[in-house]
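Enquirer: Okay, structure incoming, though there's no sequence with it:
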């Protein structure tokens, strides 16, 4: 009996060792087939441009094709659900954005958990938003805008591409921090906002800096401030809103996420390779032209950042009463 038990123990140990070696071998050969990068918006936007710039370079570095899969809808929730429910093997990835933690509170019910169902890989880039005005608006700075809003409570309007968007919540954050009342006017996208801003139908709005730049240069629009914590390298003469309202920050960031349970070795490998890609001069230049600045982080830093952003936007959403469903 003792012989049989010893034999069984040896067989069990051999099986454990074989599984461990097999798992290590699988990870060392990753990736062994094409990968899918799920993008939560249609082609043409900043997230798509970033993904189509980084994806092929990452594929070259890893020796496998990276297929861009645009799955737009529901503020990014459709794409996020696909990745959350995918096999945690490193072959299905998500190019997430600031809406990822926002959606945790904005939607009353999600088919996934923003934190628990993902393995953060790295921050990849950011592109700031900018608060712009029609030249006819009396306020020429954020300080003057706050004074105007206080003197005319509830009479100053600001436009955004829709309720719950980072642009909308950026306005709500300004209202809360400055202690002013402004009326939100939701539009169905950035195009209609820009048209009405240029035509003077609406005098104040949040839009992306790349979309605003041509009109800032001609003087058809005025930049009151960018929403990032530091001035944009693309428009260094435009002050940050935080220079007038300390602590204000809305970073329109992007970052790579994998399904929860993805092996740490794979997450680290992706992190290292993407960091190299983002430092390539041609990558940085192409993104810079689009108003996108590259970033990098450890998986742990990115995970902590997502948690802090979730808490931050939960407060703003609660105070504003913003809801999508």
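Expert: Done, it's in. Just so you know, these numbers come straight off a predicted model, no measurement behind them. Numbers count the residues shown, from 1 in each chain.
Enquirer: Please parse this structure into its domains.
Expert: The chain breaks down by automatic domain parsing into domains covering 34-126+252-320, 129-243.
Enquirer: With mean pLDDT added, can I get those in CSV?
Expert: Formatted as CSV, the domains of the chain follow (pLDDT from 0 to 100):
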stretch, mean pLDDT
domain 34-126+252-320, 94
domain 129-243, 93
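Enquirer: can you put these in CSV and add mean neighbour count?
Expert: Glycine gets a C-beta too; all of them are placed from N, C-alpha and C. Output for the domains of the chain, formatted as CSV (neighbours: other C-beta atoms under 10 Å):
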stretch, mean neighbour count
domain 34-126+252-320, 19
domain 129-243, 18
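Enquirer: Would you point out which residue is most central in this structure?
Expert: residue 97 (1.7 Å; C-alpha atoms, centre = their mean).
Enquirer: Give me the phi and psi angles of that one.
Expert: Per-residue torsions, residue 97: phi -150, psi -180 (degrees, to the nearest 10).
Enquirer: Residue 104 versus the residue nearest to it when sequence neighbours are not counted, what's the distance?
Expert: Spatial nearest neighbour of residue 97, excluding adjacent residues (C-beta to C-beta, 6 or more residues apart in numbering): residue 254 at 5.0 Å. Remark: distance between residue 254 and residue 104 (C-beta to C-beta, to the nearest Å) = 17 Å.
Enquirer: quick one: contacts for the residue nearest to residue 99 when sequence neighbours are not counted?
Expert: Spatial nearest neighbour of residue 99, excluding adjacent residues (C-beta to C-beta, 6+ apart): residue 76 at 4.8 Å. Contact analysis of residue 76 by C-beta atoms under 8 Å, 6 or more residues apart in numbering lists 40, 41, 96, 97, 99, 100, 103.
Enquirer: Go ahead and confirm the residue nearest to the centre of the chain touches residue 251.
Expert: No: contact criterion C-beta atoms under 8 Å: residue 97 and residue 251 do not qualify, at 10.2 Å.
Enquirer: for residue 292, what are its contacts?
Expert: By C-beta under 8 Å, 6+ apart, residue 292 lies in contact with 46, 49, 50, 125, 126, 127, 210.
Enquirer: Pick out the most distant pair among those.
Expert: 49 and 126 (13.3 Å; C-beta to C-beta).
Enquirer: got the contact list for the closest residue to residue 54 other than its chain neighbours?
Expert: Nearest in space to residue 54, with sequence neighbours left out and distances taken as C-beta to C-beta, 6+ apart, is residue 277 at 5.6 Å. Neighbour list for residue 277: 54, 57, 58, 61, 283 [criterion: C-beta under 8 Å, 6+ apart].
Enquirer: In this structure residue 283 contacts residue 53, no?
Expert: Yes: Residue 283 is within contact range of residue 53, at 5.8 Å (criterion: C-beta under 8 Å).
Enquirer: Endpoints of stretch 34-49, how far apart?
Expert: Stretch 34-49 has its terminal residues 20 Å apart, counting by C-alpha to C-alpha, to the nearest Å.
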